[in-house]
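Novice: got a predicted structure here, sequence first:
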Amino acid sequence: MMERQQGSNRVKRGMAEMQKGGVIMDVVNAEQAKIAEAAGAVAVMALERVPSDIRRDGGVARMADPLITEDVLQAVSIPVMAKCRIGHIVEARVLESLGVDFIDESEVLTPADEEYHLLKSAFTVPFVCGARDLGEAARRIAEGAAMIRTKGEPGTGNVVEAVRHMRKIQAQLQQILHSQPDELMTRSKEWGASYEVLQQIQAGGRLPVVNFAAGGIATPADAALMMHLGADGVFVGSGIFKSEHPERVAKAIVEAVTYKDDFERIAHLSRGLGTAMKGIDVTSMPFEERMAPRGW
Amino acid sequence: MVIGILGVQGAVREHQEMLHALGVKTIIVKSAADLDGIDGLILPGGESTTIRRLIDRYGLLDVLRGQIDTLPMFGTCAGMILLANELSEGPAHLRAIPMTVKRNAFGRQVDSFETSLIVEGVGQDIEAVFIRAPFVEHVGEGVRVLAAIGTAAVAVETDLHLACSFHPELTSDRRLHDYFIQKIRQRTAVSV
């Protein structure tokens, strides 16, 4: 019997590669998980409250009750992701023990540690982390994240921050690809980016892990927009189950991601979708209410 | 030679890069028209449930089923599931290879692993990355097992098709892709 190696970078990053071109949907129970799977989601994110409800309710947001996660794991055959608080080693280990396929160390929940993130390379389960720029992405990758997503501004239904973060990351990637090797250390210093990850980007011609868009995606056009800006796929949180017709919105977002260049098709599937989630203007939001700045 | 890659979801780019490195042209197949004039088709890894729902919804299922006796296909992971004529749970998809496939047969993501394998006719020490991978529980007539882990077949072929549980496209090992190309070439030579 040949040796089997579990939890290697290739196995963790490969799992994320299989999600490309797909939509990952937030769900709070088994019923929603089944709707998401039927609509063509590549994975579901099991949580106790979607980000817009976390905003509304206030208080401390934590890992979901394991009962919810277990129900969702039972309900669907697609991969199940779940969120732990930034730096909460035990929540992460608990989720790993439940058998979730991916953990999101997420700024949507109240951070447990305001200085350190998890050492994700110490786990067998892969992690996804949010980033606003390439420095943040590179720090998370160096800690072992197998997937990056833009932070956007979750629970707002406003795509503007996700666009800002994706544009920034893509521009910085181009800058690295056009840099001389002797310029990388200074970029590393300026951006707080791992030097080794910058070297990997330069050698491979791209980020060493997939980069999804997240945080404020509410419509099929929003999802297709993020794909146009270079996302490998999208996370949709409150946008689906806070809309008037979740099943139709979910299907339409999946289709818009597959056919991001077919604008007639996106027009067709956007027709009569009902009211999208109401949304919040991010610029009028007090800084302390924002989630994206959480993370270090 | 042009090889199509089913492009509704999953690791499409990795297959494309591997074929380009082997000097083969590719086309990403997203609609029935994209199948015109291709010499072979790769069904990539991804989420098989999702890919099936999408090929149904986008009207590709019948078109693909119509090609299973003539167009060489190579399925990796989710692609193997799509090619099976029977699944241990739930209805089968393209029914191109007489075999019974079990989904997520090695467990969930925490059980995913990489190893190296001997693949008969292809080579030794083939790098194999298994991600929530399926395996073949039972093969029917005309199916040859090329690699196995214990009693589980993880690479199989028929005269026309090739399927494996793992992801050669995530490695730099091009031998399985090269093998698929040779299969297409031999077939073309015979029919000419």
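Specialist: Received it, and whenever you're ready, just let me know what you need.
Novice: run the chain-centre distance for the helix ranked longest in chain B.
Specialist: When chain B is parsed with DSSP state H, its longest helix is helix B:175-191. Relative to the chain's own centre, helix B:175-191 is displaced by 14 Å; criterion: C-alpha atoms, centre = their mean, to the nearest Å.
Novice: packing partners of that helix?
Specialist: Contacting helix B:175-191 under the criterion 3 or more C-beta pairs under 8 Å, 6 or more residues apart in numbering or on different chains; DSSP states H and E are the following elements: helix B:12-21, strand B:40-43, strand B:73-76, strand B:123-130, strand B:162-164. Yep, even glycine has a C-beta here, placed from its N, CA and C like the rest.
Novice: show residues contacting it.
Specialist: The contact list for helix B:175-191 (C-beta atoms under 8 Å, 6 or more residues apart in numbering or on different chains) reads B:1, B:3, B:15, B:18-19, B:22, B:24, B:39-40, B:42, B:72, B:74, B:119, B:121-123, B:126, B:155, B:157, B:159-160, B:162, B:164, B:168-169.
Novice: please redo it, this time with the cut-off set to 7 Å
Specialist: For helix B:175-191, the external contacting residues (C-beta atoms under 7 Å, 6 or more residues apart in numbering or on different chains) are B:1, B:18-19, B:22, B:24, B:39-40, B:72, B:74, B:119, B:122-123, B:126, B:162, B:164, B:168.
Novice: give me the below-cutoff pLDDT ranges for the stretch 1-150 of chain A.
Specialist: Within the stretch 1-150 of chain A, the stretches with pLDDT under 70 are A:1-2.
Novice: so which residues on it come close to chain B?
Specialist: For the stretch 1-150 of chain A, the residues in contact with chain B (C-beta under 7 Å from any C-beta of the partner chain) are A:2-6, A:8, A:10-11, A:14-15, A:17-18, A:20-22, A:37, A:40-42, A:77-79, A:96, A:99, A:101-102, A:124-126.
Novice: restricted to buried residues, select those residues in PyMOL.
Specialist: Here is the PyMOL command that selects only those of these that count as buried (16 or more other C-beta atoms under 10 Å in any protein chain shown):
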select buried, chain A and resi 4+6+10+11+14+15+17+18+20+21+22+37+40+41+42+78+79+96+99+101+102+125+126
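Novice: re earlier: for the contacts of helix B:175-191, which one is nearest A:Ala193?
Specialist: Distance to A:Ala193 across the contacts of helix B:175-191 (C-beta to C-beta) is lowest for B:Met18, with 29.5 Å.
Novice: quick revisit: save the helices and strands packed on helix B:175-191 as JSON lines, and put in distance to chain A and mean neighbour count too.
Specialist: Supplementary listing: the helices and strands packed on helix B:175-191 in JSON lines, determined by distance: least, C-beta to the nearest C-beta, whole Å; neighbours: other C-beta atoms under 10 Å in any protein chain shown:
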{"stretch": "helix B:12-21", "distance to chain A": "7", "mean neighbour count": "19"}
{"stretch": "strand B:40-43", "distance to chain A": "13", "mean neighbour count": "26"}
{"stretch": "strand B:73-76", "distance to chain A": "10", "mean neighbour count": "28"}
{"stretch": "strand B:123-130", "distance to chain A": "5", "mean neighbour count": "20"}
{"stretch": "strand B:162-164", "distance to chain A": "14", "mean neighbour count": "29"}
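Novice: I'd like these laid out as CSV, including distance to B:Asp111.
Specialist: CSV is the format used below for the helices and strands packed on helix B:175-191 (distance: least, C-beta to C-beta, whole Å):
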stretch, distance to B:Asp111
helix B:12-21, 22
strand B:40-43, 23
strand B:73-76, 18
strand B:123-130, 9
strand B:162-164, 18
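Novice: and the ones you listed as a markdown table, adding mean pLDDT?
Specialist: Below are the helices and strands packed on helix B:175-191 laid out as a markdown table (pLDDT from 0 to 100):
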| stretch | mean pLDDT |
| --- | --- |
| helix B:12-21 | 97 |
| strand B:40-43 | 98 |
| strand B:73-76 | 98 |
| strand B:123-130 | 96 |
| strand B:162-164 | 98 |
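Novice: remind me which residues of the stretch 151-296 of chain A are low pLDDT?
Specialist: In the stretch 151-296 of chain A (pLDDT under 70), no residue qualifies.
Novice: nearest to chain B: which residue in the stretch 101-250 of chain A?
Specialist: In the stretch 101-250 of chain A, the residue that lies nearest chain B is A:Asp101 (3.8 Å; C-beta to the nearest C-beta).
Novice: let me see the backbone angles for the spatially most central residue of chain A.
Specialist: Centrality entry for chain A: nearest residue to the mean C-alpha point is A:Arg149, 4.0 Å, by C-alpha atoms, centre = their mean. Backbone torsions for A:Arg149, taken as degrees, to the nearest 10, come to phi -130, psi 150.
Novice: wait, doesn't it sit right on A:Val210?
Specialist: No: the pair A:Arg149 / A:Val210 is not scored as a contact, 9.1 Å apart, by C-beta atoms under 7 Å.
Novice: what is the nearest of the contacts of helix B:175-191 to B:Arg132?
Specialist: Distances from B:Arg132 to these, taken by C-beta to C-beta, are shortest for B:Cys164, at 14.4 Å.
Novice: which ones are touching that closest one?
Specialist: B:76, B:80, B:154-155, B:176.
Novice: same check, this time on A:Leu173
Specialist: A:134, A:201, A:207.
Novice: next up, the contacts around the first one.
Specialist: So that's A:Leu134. Applying C-beta under 7 Å, 6+ apart, the residues near A:Leu134 are A:169, A:172-173, A:191, A:193.
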